[in-house]
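Enquirer: Structure for the following, please:
(chains A and B)
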Protein chains: 2
Amino acid sequence: MDFEEKTIARQEMFKGHIFTVAVDDVELPNNLGQAKRELVFHKGAVSILTVTPDKKIVLVKQYRKAIEKISYEIPAGKLEVGENGSEKEAALRELEEETGYTGDLELIHEFYTAIGFCNEKIKLYLARNLRKVENPRPQDDDEVLELFELTYEECMDLVRSGAIEDAKTIIALQYFALHLRDA
Amino acid sequence: MDFEEKTIARQEMFKGHIFTVAVDDVELPNNLGQAKRELVFHKGAVSILTVTPDKKIVLVKQYRKAIEKISYEIPAGKLEVGENGSEKEAALRELEEETGYTGDLELIHEFYTAIGFCNEKIKLYLARNLRKVENPRPQDDDEVLELFELTYEECMDLVRSGAIEDAKTIIALQYFALHLRDA
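Expert: A predicted model of the protein is given here:
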C-alpha cells in the first residue's frame, strides 16, 4: 500500500507575515485519483514549560484574537526568518521577553499543532534553574501580557474552568504531572 | 489592564472547504494603537483515544500533505457543517469509519490546536468497551489509512523515532500514561 500524495499543481492563495496558504492538487496513491488539499504553511514556534525552584509554573495571560478570548498559556513565540537553526536561542529570547527570566533549557517534546492542514511545528522546552535577567529584552509592542506563577493544582483549576484550552499548555502540564510533580 | 483587541475591519483573504482566512485590523487595548491579525477559521474536529480490552491503543497511519510525511495518529476527523451540537456522534462516526469499532465515549480534553492564529478546537474522547461494527461505514474515498493496535510502549517508540509528532496524539498518550496505564 502506498501513502504518498504527489503534488500536481500548487496555487498560492494568501501570503501573510505569519503564514501562507496554498491549495494543492494531489495525485492520490493506489490509483485513487486526484484530490485537493488546503494547506497553511507556518515557520514554527517555540514554547517553554518554565518551572521555578518552588515548583511553580509560569503562565502568560493574553488575548487571543482567533478565539476572541483571554487565554492562559506557557510562554511561546514564533520563529523568525533564519532562526530555524537555533530554536533554543529563540526559546531563550521568548522566555526573557515574556517573563524576564533566563534558565537552563532542555527539549522535551516537538509536535505539529494542526497536522491535518498546517505544518506549524512547536518545540517545547523545559526551563529550570531560573535567574532574573537584569535588563530583560522588552515585550513585543503589540502584546499585552500578564504573568502568573502557579502551582500545578492551580493550573489544573484553570484547565477545569476553561481558562486553559491551549494544546501546547496541556502537553506541558501533562509532562509536569508525569515527570516533575513527584520528582 | 485591558486585554481585548476590538476588530476595526476584517478582510477575507481565502474561503476554502476546510478553513477560511481573514486579516483583521484590531484596536489594541490600553491605547497601544493598532495591529494586524492573520487568522484561520476552522469548524473544529474530534479525536478518539481508542483503547482495546487488552490496553492497546488504536493508531492510524496516513500521509499528511501539510508536512509531506507519513504520520501515526489517533483516529480523528473534522466536524461537518451543522455537527457542532453533536460532537459525540461525529466522534462515533469517525471511530467507525477509520477503525470499524464502536464503543463507549467519554470526553477527556478539549483544546485549541494553534491558538496564536487559528480557532480550530479539537474534542478528545476516550473510547473503551470496543465492539466491532458488522458493516462499518466506509472510509472517506480520498484517504488511505492503515490501522495498528499497539501497546503504550510501542507508541512511545514511535514518539522517540519521530513517527508520532502530532499534538493531539501526544496529549492522548500522556493521558493514557497518567490515568490508564496502571489502572
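
Enquirer: What strand or helix carries residue A:176?
Expert: In this structure, residue A:176 sits in helix A:167-179 according to DSSP states H and E.

Enquirer: Could you do residue A:94 as well?
Expert: Assigned by DSSP H and E, residue A:94 falls in helix A:87-99.

Enquirer: Surely residue A:3 and residue B:63 touch.
Expert: Yes - under the criterion of C-beta atoms under 8 Å, residue A:3 lies in contact with residue B:63, with a separation of 4.1 Å. All C-beta atoms are positioned from the backbone trio N, CA, C, and that covers glycine.

Enquirer: between these two, what contacts are shared?
Expert: Common contacts of residue A:3 and residue B:63 (C-beta atoms under 8 Å, 6 or more residues apart in numbering or on different chains): A:29, B:70, B:144.

Enquirer: mind checking the SS state of the second one?
Expert: Okay, so that is residue B:70. The local conformation at residue B:70, judged by DSSP: H, G, I helix; E, B strand; the rest coil, is strand.

Enquirer: which residues touch it?
Expert: Here residue B:70 is in contact with A:3-4, B:61-64, B:163 (C-beta under 8 Å, 6+ apart).

Enquirer: how about stretch A:116-127, does it get close to chain B?
Expert: Yes - residues of stretch A:116-127 are located near chain B by C-beta under 8 Å from any C-beta of the partner chain, namely A:116-122.

Enquirer: Including pLDDT and secondary structure, could those go into JSON lines?
Expert: Shown next, in JSON lines, are the residues of stretch A:116-127 next to chain B (pLDDT from 0 to 100; DSSP: H, G, I helix; E, B strand; the rest coil):
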{"residue": "A:116", "pLDDT": "97", "secondary structure": "coil"}
{"residue": "A:117", "pLDDT": "98", "secondary structure": "coil"}
{"residue": "A:118", "pLDDT": "98", "secondary structure": "strand"}
{"residue": "A:119", "pLDDT": "98", "secondary structure": "coil"}
{"residue": "A:120", "pLDDT": "98", "secondary structure": "coil"}
{"residue": "A:121", "pLDDT": "98", "secondary structure": "strand"}
{"residue": "A:122", "pLDDT": "98", "secondary structure": "strand"}
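
Enquirer: Let me know the closest of those residues to residue B:45.
Expert: Of all the residues of stretch A:116-127 next to chain B, residue A:116 has the smallest distance to residue B:45: 7.2 Å, by C-beta to C-beta.

Enquirer: Next up, the contacts around that closest one.
Expert: B:18, B:45, B:64, B:66, B:76, B:78.

Enquirer: if you look at the residues you listed, which of them are in helices?
Expert: Using DSSP state H, no member of those sits in helices.

Enquirer: Just the residues you listed: which are in strands?
Expert: B:45, B:64, B:76, B:78 (DSSP state E).

Enquirer: Tell me which helix or strand comes right after the helix or strand harbouring residue A:12.
Expert: For residue A:12, the element it lies in under DSSP H and E is strand A:6-15. As assigned by DSSP H and E, the chain's next helix or strand after strand A:6-15 is strand A:19-27.

Enquirer: by how many degrees do that next one and strand B:6-15 diverge?
Expert: 20 degrees (axes from the mean of the first three to the mean of the last three C-alpha atoms, to 10 degrees).

Enquirer: Direction included, what does strand A:19-27 pair against?
Expert: Note on strand A:19-27: by DSSP bridges, its sheet partners are strand A:6-15 (antiparallel), strand A:34-42 (antiparallel).

Enquirer: Which positions in the longest one come out as buried?
Expert: Of the residues in strand A:6-15, those buried under the neighbour-count criterion (16 or more other C-beta atoms under 10 Å in any protein chain shown) are A:13-14.

Enquirer: go on, stretch A:142-159?
Expert: By neighbour count on 16+ other C-beta under 10 Å, the buried set for stretch A:142-159 is A:144-145, A:150, A:152, A:155, A:158-159.

Enquirer: Other residues contacting it?
Expert: Counting by C-beta under 8 Å, 6+ apart, A:52, A:55-63, A:72, A:98-99, A:139, A:164, A:170, A:173, A:176-177, A:181, B:1-3, B:28-30, B:32-33, B:35 sit against stretch A:142-159.

Enquirer: Narrow those to those that are buried.
Expert: Of the contacts of stretch A:142-159, these count as buried by 16+ other C-beta under 10 Å: A:56-63, A:72, A:98-99, A:164, A:170, A:173, A:176-177, B:3, B:28, B:35.

Enquirer: Could you look up the SS state of the residue located most distally from the centre of chain A?
Expert: The centre of chain A is farthest from one residue, residue A:31, which by C-alpha atoms, centre = their mean lies 37.2 Å away. Classification of residue A:31 using three-state DSSP returns coil.

Enquirer: which ones are touching it?
Expert: Residue A:31 neighbours (C-beta under 8 Å, 6+ apart): none.

Enquirer: Distance-wise, check it relative to residue A:2.
Expert: 10 Å (C-beta to C-beta, to the nearest Å).

Enquirer: Shouldn't residue A:159 be within a strand?
Expert: No - applying three-state DSSP, one finds residue A:159 to be helix, outside a strand.

Enquirer: sorry, back to before: please see if the helix holding residue A:176 touches chain B.
Expert: Yes - Helix A:167-179 reaches chain B (C-beta under 8 Å from any C-beta) through A:167-168, A:170-171, A:174-175, A:177-178.
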